[in-house]
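S.K.: sequence unknown, structure follows:
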């Protein structure tokens, strides 16, 4: 699957902002972040430093940048799931808001095709064919992944349906038992009072 995520967001001092991306196992991931300079032509103030942490679904740390203005990360995912990039800024008085540019690419989009073309001295057509082949392979893998997820959801659906059927049967049995006990109680009550 080809995913490109590039955004700019505001971050207040003393706060945290996290962004998640669902990444498949063995997918290449590249990220780049930087604090936007509020005063073009002047250095970025020290108060605009951020801390960045990228973690896997199971909590493994893939990148950690402490008190930085910018940084990059790249890794091949070792597990499938939601990877999280968290940005936080130190607390300042008064509270300040600043912008962060974040570019996160996964899958085919994460490959640097210009370097491939330079290294191999290949024709433009060959390069395009390699890109298309990677895209087709990615789509093929994604189809199998989605098929596995669909089967998993169907198993869950069947299990839930059987549990609901069992619950409904016992609920009906319970209601009929309570109704029978009420009838028996009322009958004995009226017999004792000699109304029947």
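M.R.: That came through, no problem. Keep in mind the model is a prediction, meaning the values are calculated, not measured.
S.K.: Strands of this structure, start to end?
M.R.: Taking DSSP state E as the test, the strands found in the chain are 3-12, 16-23, 28-35, 50-55, 61-68, 70-76, 81-89, 97-106.
S.K.: And those: which comes nearest residue 130?
M.R.: Proximity to residue 130 (Cβ to Cβ) singles out strand 28-35 among those, at 14.5 Å. All C-beta atoms are positioned from the backbone trio N, CA, C, and that covers glycine.
S.K.: packing partners for that closest one?
M.R.: strand 50-55, strand 70-76, strand 81-89, strand 97-106 (3 or more Cβ pairs under 8 Å, 6 or more residues apart in numbering; DSSP states H and E).
S.K.: Could you say which one of the ones you listed comes nearest to residue 38?
M.R.: strand 97-106 (6.4 Å).
S.K.: got the strands of the chain as a markdown table, with mean pLDDT, distance to residue 149 and mean neighbour count columns?
M.R.: A markdown table is the format used below for those (pLDDT from 0 to 100; distance: least, Cβ to Cβ, whole Å; neighbours: other Cβ atoms under 10 Å):
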| stretch | mean pLDDT | distance to residue 149 | mean neighbour count |
| --- | --- | --- | --- |
| strand 3-12 | 74 | 16 | 13 |
| strand 16-23 | 90 | 11 | 16 |
| strand 28-35 | 88 | 20 | 19 |
| strand 50-55 | 93 | 22 | 19 |
| strand 61-68 | 90 | 23 | 14 |
| strand 70-76 | 88 | 21 | 15 |
| strand 81-89 | 91 | 12 | 18 |
| strand 97-106 | 87 | 17 | 18 |
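S.K.: Tell me which of the helices and strands packed on strand 28-35 lies nearest to residue 184.
M.R.: strand 81-89 (56.3 Å).
S.K.: So in that sheet, which strands flank the closest one, and in what orientation?
M.R.: Paired neighbours of strand 81-89 in the sheet (DSSP bridges): strand 16-23 (antiparallel), strand 50-55 (antiparallel).
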